[in-house]
Structures are given as structure tokens and as C-alpha cells.
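1. Let me see the structure of the following:
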Amino acid sequence: MVKLTIPMLLAIISMMLLGLVDSYFVALLGTGPLAAVSFTLPVTFTVISAGLGIGMSLGALVSRLIGAGKHEHAARLITDTQLFTFCVGLVLALMGFGLIEPIFKLLGATSEVMPDIKNYMHYWLLGTPFLMLILVTNNAFRAIGNVKASAWLSTLLAVSNAIFDPLLIFGVGPLPAMGVAGAALATLLAVLLTWFISLLTIWHKEKLLLLCWPGLSALVANWRRLLVIALPAMGSNIMTPVAAAILTAIIAQSGPESVAGFGVGSRIESVALILVFALSSVLPMFIGQNIGAGKPQRAYSALLIGLRFSLFFQAAVYLLLLLGSQFIASAFSSDERVVEVIRAFLLILPLTYGAHGVVILIMVCLNVLKRPKLALLTTLIRLLVLYVPLAFIGFQLAGATGMFVGAGFANIIAALVAYRLLRGVARQQGLLAL
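-> All right, here's what the predicted structure looks like:
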């Protein structure tokens, strides 16, 4: 499993740096543009979460088919999922274009930052179907064991975006400076390039795209199989940006500087959890293939190791963030209030990332164990029963700092609840290794 995790770690680092690099270059434009891009995080994360939910379902199903030696069935499912993903992405993009202003007003965006938000989202939404296809295709690569392809595609996306960002944001030669819109256009161009390469790879090299029409009944049957896991998985994933949207609206009461700081902290959180995200991509494939091959004990032992490692690794990450919080915050802004919020975020929430990692790993593995509704319940408990209410109470008591403390307590309680639910599933399925 270590051989699978290392390439995935590279992939996850690349994907997380994608957003962090955007935030860094936009921060050079000032607090206003940084706040505008920070407001877009819940919306962009919703699209990504939908893609990850579909990809998680595809990965769980394909890994079992590959483990059972049914390669032709796997190719058919991957092909049908590509069409489904494009349709969902197109619908989300059209909805996004029609609802930009109402959504961001609801999040607390003021008239001062709304023009930058619109300029950013108009370009970003154009890439919605293709970004979702990249996420789903990457899950297909992982499910068949080709994690290197997934890693290199993610790296291509991040590197190309990092190259395009300064050229389009600040301008060079004949290219005009586009500001915030340039950051979104850079992402769009990087997404289109990466999608094209991923399409060639899965079609020409892996031979996993079938151009023959399966018939409407067969197509619908595969979509139904996909949705059994995809709907709860998408629901689970989308709860995270929904919670982020609520927290953004709460902290917006303190002004755009607080939103900017919270946005940077959220980007750093994604990078801080890179190993957990890598494990969450590899574990479902590893568990699915071993269950399909009749080796459940090996799969469940790996899950326990992953949970323990998450706790130890995130403790080390917290120490690094504790020591570097001032430097990191100052690198993103010279505004005292923005720096203050970033530092408060880094000193409080990462202390509970080990618990957060436990919840993430348990949730994705419950999907592979054919308990998607329980995975959704785990997410709902963490975010809507614990995370948002405790963060809101904390904000009322002590502002942004109190909000982060409340969210941290929610992570710890949620981890205990998730582990209890996992043990219940283990008892039901007779898994002595747990």
C-alpha cells in the first residue's frame, strides 16, 4: 500500500497547491481581491466535491471488478460514468452562471467585492464539466492500480496553473493584466490541457473507453449502480462546502479581512491534510481489490494502520504550523487583521486535524464496505450537528478565534462518533481484525 500512497501523495500535493498558488498570487493584488476569491471557495469546493463523489463511487465499483478479473465490465462502467459526469458538470455550470449574484449575496459578499467575484466565476465555471471529468478519470486510474498516471495528471494540472497564473494575473508582453479574472482563466486553461491528456491516456493507452453504444437500458443500469454509492458520497462531500459556506457567512460579519484570512487558512488546511487525502484515495482501491479477491483481513488491517498513522502524522504537521504560523501568515498579507485571522486559524484548528483525518478515512472506507448511507450520516453528524453549531457558538462568544475553537472541538467529537460507527459495522460483518 505504501507504493500506492507515495504517487498519490504527489497527486494530492499538486491538487492542494493548485488553490494555494492561486491564493498567493491573488493576495499580491490586495485584501479585496483575496477576499473575493475566498468567497468563491464554498462554490468551487461544491463542484470538486461532486466530482469526487462520483469518482469515489466509480473507484469502489471498478476496484471490485478489477479484483474479480472483470476488465470488460470495468471499461463499460468507466465509459458510462464519463458521460454521466459531463452531464452533471454541465448542469452545475449552467446553474452557477444563473445564480452567481444571489449565492454570493447570501454568503455575505458586499458590493465592493462582487465585481471581482463575478469576473472570477465567469471563467472558472466554464471548466466545470472538464474538472469533474479529470477527478473521475483519476479515480478510474487509481481503481485499476495505475496511480502514477493519476499523480502525473494532477501534477500537470498544478504546474500548468502555476505557470499561467502570473502571466495572466499581472500580464506579460502582449498579454494584458487581468487581475482576479486572470487567476480563473489560468485554472480554466490548465483544466482543459489536463483533461485532454487524461482523455488520451485512458482511451489510447489503457483502452478503457468504449466507443460502442451500450443501449439505453444498459446505460441506465450502470448509472443506477453508480448512483447507489455516488448519491450518498456526493451528499457527504457536498456537506463540507455547505458548512464552509455557512462559516464564510458567519465570519463575513467581521469584515472582508476576516474572510480573506479564513480563505487562506482553508487553503492551508487542504495542504496540511495531504497525507490523509492520499490515503483516502488509495485505501478504497486497496480495500475493494482485496475484498474482491477474497482477502478481507488484509484490507481491514490496512484501514487500522491508516487511522493510527493519520493521528501521528497530523501531530507532526501541527508542530510545523505552530512554529511557522507567523511566517506563513505574513507571506500572504501585510494587513494586520488578515494576518491575525490566519495565525489564529493555524494555531487552533490543525491541533485537531488528526481527528479530522480519522473521520475522512472512515467515511471513504464505509462507502467501499457498501455502507454509503452510514458514511453520509457520519458527515452529517460532523458538519451539521457538531461543526457548524459549535463554530457559531464560538463566534458569538469570541469572534473568529472562538469559531476556530468550536470547530476544533467538533472534529474531536466527530472522530469518536465515527470510530464507534465503524466498530458497529465491523461487528455486523464479523471482522475480527477490527
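
2. low-confidence ranges in the stretch 151-300 of the chain?
-> Flagging of the stretch 151-300 of the chain using pLDDT under 70 yields the residue ranges 288-289, 291-294, 296, 299.

3. for the lengthiest helix in the chain, packing partners?
-> In the chain, taking DSSP state H as the definition, the longest helix is helix 388-429. Secondary-structure packing of helix 388-429 (3 or more CB pairs under 8 Å, 6 or more residues apart in numbering; DSSP states H and E): helix 216-251, helix 256-272, helix 336-348, helix 353-368, helix 372-380. From N, CA and C alone the C-beta is placed, and that goes for glycine too.

4. between those helices, which one is nearest to residue 283?
-> With distances scored as CB to CB, the stretch of these nearest to residue 283 is helix 353-368 (5.9 Å).

5. Would you mind confirming that residue 284 is in contact with residue 60?
-> Yes - counting by CB atoms under 8 Å, residue 284 touches residue 60, with 5.7 Å between them.

6. Give the buried residues for the helix or strand hosting residue 317.
-> Assigned by DSSP states H and E, residue 317 belongs to helix 296-332. By neighbour count on 16 or more other CB atoms under 10 Å, the buried set for helix 296-332 is 296, 298-300, 302-303, 306-307, 309-310, 313-314, 317-318, 321, 325, 328-329, 332.

7. so what does it touch, helix or strand wise?
-> helix 2-27, helix 256-272, helix 274-292, helix 336-348, helix 353-368.

8. With distance to residue 143 and mean neighbour count as added columns, please give those helices in TSV.
-> TSV is the format used below for the helices and strands packed on helix 296-332 (distance: least, CB to CB, whole Å; neighbours: other CB atoms under 10 Å):
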stretch	distance to residue 143	mean neighbour count
helix 2-27	11	20
helix 256-272	23	24
helix 274-292	5	24
helix 336-348	35	21
helix 353-368	11	25
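
9. okay if I get these as TSV plus distance to residue 96?
-> Output for these, formatted as TSV (distance: least, CB to CB, whole Å):
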stretch	distance to residue 96
helix 2-27	18
helix 256-272	19
helix 274-292	25
helix 336-348	27
helix 353-368	26
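
10. To residue 223, which of these lies closest?
-> helix 353-368 (17.3 Å).

11. Quick one: mean pLDDT for the closest one?
-> Averaging pLDDT along helix 353-368 gives 88.

12. just to revisit the earlier point, wait, which of the helices and strands packed on helix 388-429 is closest to residue 183?
-> helix 256-272 (12.8 Å).

13. How far off centre is the closest one?
-> 15 Å (CA atoms, centre = their mean, to the nearest Å).

14. now swap in stretch 409-427 and tell me
-> 21 Å.

15. buried set for that stretch?
-> Applying a neighbour-count criterion of 16+ other CB under 10 Å, one finds 409-415, 417-419, 421-422, 425-426 buried in stretch 409-427.

16. what two of the residues you listed are the furthest from one another?
-> 409 and 426 (26.4 Å).

17. returning to what we had before: give me the common contacts of residue 284 and residue 60.
-> 367, 368 (CB atoms under 8 Å, 6 or more residues apart in numbering).

18. Tell me who's in contact with the closest residue to residue 353 other than its chain neighbours.
-> The shortest distance from residue 353 to any non-neighbouring residue, by CB to CB, 6 or more residues apart in numbering, is to residue 314 (4.2 Å). Residue 314 makes contact with 272, 273, 276, 350, 353, 354, 356, 357, according to CB under 8 Å, 6+ apart.

19. Now with 6 Å, please.
-> Residue 314 is in contact with 353, 354, 357, counting by CB atoms under 6 Å, 6 or more residues apart in numbering.

20. Equivalent analysis for residue 226, please.
-> Residue 226 neighbours (CB under 6 Å, 6+ apart): 57, 81.

21. how far away is residue 39 from residue 409?
-> 26 Å (CB to CB, to the nearest Å).

22. From the contact counts, what lies against the helix or strand encompassing residue 197?
-> Here residue 197, judged by DSSP H and E, is contained in helix 180-200. In terms of contacts (3 or more CB pairs under 6 Å, 6 or more residues apart in numbering; DSSP states H and E), helix 180-200 is packed against helix 114-124, helix 128-143, helix 147-170.

23. nearest to residue 89, of those?
-> Here helix 128-143 is closest among the helices and strands packed on helix 180-200 (CB to CB), at 3.1 Å.

24. Just the CA atoms from the closest one would do, formatted as PDB, please.
-> Extracted in PDB, the C-alpha atoms of helix 128-143 (Å, rounded to 0.1, in the frame of the first residue of the first chain):
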ATOM      1  CA  THR A 128     -16.700  22.800 -14.500                       C
ATOM      2  CA  PRO A 129     -17.500  19.600 -16.600                       C
ATOM      3  CA  PHE A 130     -13.900  19.100 -17.600                       C
ATOM      4  CA  LEU A 131     -12.600  19.500 -14.000                       C
ATOM      5  CA  MET A 132     -15.100  16.900 -12.800                       C
ATOM      6  CA  LEU A 133     -14.000  14.600 -15.600                       C
ATOM      7  CA  ILE A 134     -10.400  14.900 -14.500                       C
ATOM      8  CA  LEU A 135     -11.400  14.000 -10.900                       C
ATOM      9  CA  VAL A 136     -13.500  11.000 -12.100                       C
ATOM     10  CA  THR A 137     -10.800   9.800 -14.500                       C
ATOM     11  CA  ASN A 138      -8.200  10.000 -11.800                       C
ATOM     12  CA  ASN A 139     -10.300   7.700  -9.600                       C
ATOM     13  CA  ALA A 140     -10.500   5.300 -12.500                       C
ATOM     14  CA  PHE A 141      -6.700   5.200 -12.800                       C
ATOM     15  CA  ARG A 142      -6.400   4.500  -9.100                       C
ATOM     16  CA  ALA A 143      -9.000   1.800  -9.200                       C
END
